[in-house]
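> Here is a sequence with its predicted model. Questions after.
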Amino acid sequence: MRNFEQGRVWNRACLRIVAKGFGRAPSLKLLRKRPATGGQAGAGKKDQIGGDIALCTVSPHFFSGMFNFTTMPGFNRSDSINLLSKLTFRRAWNGIRVLGSYYVSKWTKSPVQWGYPVSISFEPTTSCNLRCPECPSGLRAFTRPTGMLQRDFFTETIDQLYKDLLYLVFYFQGEPYLNPDFLDMVSYASGKKIYTATSTNAHYLNDNNARRTIESGLDRLIISIDGTTQDVYQQYRVGGRLDKVLEGTRNIVKWKKQLKSRTPFIVFQFLVVKPNEHQIEDVKKLAKEIGVDDVWFKTAQVYDYENDPNHLIPTIDKYSRYRKTENGHEFKGKLANHCWRLWHDPVITWDGLVAPCCFDKDAQHRLGNLKEKTFKEIWNDGEYKQFRKNILKGRKNIDICSNCSEGTKVWENS
Ligand code: SF4
């Protein structure tokens, strides 16, 4: 790919320029406590899907992982080099234009968009095998239909975007491996030199799927493991089996070695809450013993953090987004009236709805439908513009934005 090779020369220089600006926006997979109730802009946090108490797993994106040393979960040289190898001149230039649009919009309070998504989150399916009590997939609580992303629709969409697109976050809601075409779609995106990442509960990583995962070219595999003993693990992962997670991880490590592959970068993601905080050292040991590349500790979002009725806020301060006050807890971060996510990283549901970000799990804010319009039409359309405009006016007026961790530190290195 000629453009790809030429692009390498420019990449380093361009990245030095853009590095500081990129990196503020991890993607979000919000996990909450009670069934969906729907919600409208301005309705307030309790009207969103889920409930008063939330665990939020934020998935690191390219720029948060690469350049921002306050929000990044960790830095791995080989993974970073792999990521940079996907950067073409066109993709870097697109990134600069997107970043420029973002800052101009932020300063003028008037939204402009000169580029196309640098990354996207694509939903393989809304189905899930587990019953996690704070997740809409686990609760079967969506108001939108449950279904599987179709291969043809996926490839058509990727064909529209891949020249500018660097990073595919190949998960949103649901368990990706339940989609029978999932790994074929990963292969397709890999063939377009897009960095691909997914997150799984690791219950389907049998020997065959583990081998196919390596062969698909997947670049990053995030395995959710929120406990190192079955009793702690199943407190949140209802219906899950820790032994399957460990077996699946071992299969991946085995095939990665056997096929002499540098990818995927394998990560254990551990969402730290009070019930599992005593297992932080144990999960590090477990990862080392199995051969997992890294462990990322994610701070939890608790909706009713003032009262913390379910005692989820960890006692270890560095793993908490909240600080103790005389009357309870307060949020450590700030809610600024801007959102980098809206400029570079949309969500596409399995059936083609375009949503602003991973916080909008039920796609309540529908910015377009790819079954009706092209992505580029939607990206520059009135709905998207209006949403960006609303953010710049006041983030607290939009339900999903009024309690989101955009711009807040959510990862902790051990
Ligand atoms: S500020 Fe709003 S649009 Fe941006 S990430 Fe948060 S919830 Fe999503």
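Everything's here; your move. Residues are numbered from 1 along each chain as shown.
> I figured residue 187 hits residue 217, correct?
Yes - contact criterion CB atoms under 8 Å: residue 187 and residue 217 qualify, at 6.1 Å. No exception for glycine: its C-beta is placed from N, CA and C like everyone else's.
> Please identify which of those two sits among more neighbours.
residue 217 (20 against 16; other CB atoms under 10 Å).
> give the contact list for the more buried one.
186, 187, 190, 191, 196, 263 (CB atoms under 8 Å, 6 or more residues apart in numbering).
> residues from the stretch 201-350 of the chain in reach of the ligand?
Applying the criterion CB under 6 Å from any ligand atom, the portion of the stretch 201-350 of the chain that neighbours the ligand consists of 339, 341, 342.
> wait, the first one sits on residue 391?
It refers to residue 339. Yes - taking contact to mean CB under 8 Å, the distance of 5.0 Å between residue 339 and residue 391 places them in contact.
> which residues are common contacts for these two?
If you check residue 339 and residue 391 against CB under 8 Å, 6+ apart, the residues they both contact are residue 401.
> can I get the residues of the stretch 201-350 of the chain next to the ligand in a markdown table with pLDDT and secondary structure?
What follows is these, written out as a markdown table (pLDDT from 0 to 100; DSSP: H, G, I helix; E, B strand; the rest coil):
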| residue | pLDDT | secondary structure |
| --- | --- | --- |
| 339 | 90 | coil |
| 341 | 92 | helix |
| 342 | 93 | helix |
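> Just the closest of these to residue 121, please.
Proximity of these to residue 121 was ranked by CB to CB; the top entry is residue 341 with 9.7 Å.
> and the longest helix for the chain?
Using DSSP state H to assign secondary structure, the helix with the most residues in the chain is helix 89-108.
> That one: which residues count as buried?
Of all the residues in helix 89-108, those buried under the rule 16 or more other CB atoms under 10 Å are 89, 91-102, 105-106.
> Equivalent analysis for stretch 167-181, please.
Applying a neighbour-count criterion of 16+ other CB under 10 Å, one finds 167-179, 181 buried in stretch 167-181.
> what's the most distant pair in those residues?
Taking CB to CB as the measure, those span a maximum distance of 22.7 Å, between 167 and 178.
> hey, which strand is longest across the protein?
Secondary structure of the chain per DSSP state E: the longest strand is strand 265-272.
> so how far is that one off the chain centroid?
Per CA atoms, centre = their mean, to the nearest Å, the displacement of strand 265-272 from the mean C-alpha position of its chain is 12 Å.
> Partner strands of it and their direction?
Paired strands of strand 265-272, with direction, are strand 220-224 (parallel), strand 294-299 (parallel) (DSSP bridges).
> Would you mark the buried spots in the one helix or strand residue 156 maps to?
Secondary-structure assignment from DSSP states H and E places residue 156 in helix 151-161. Of the residues in helix 151-161, those scored as buried under the neighbour-count criterion (16+ other CB under 10 Å) are 153, 154, 155, 157, 158, 161.
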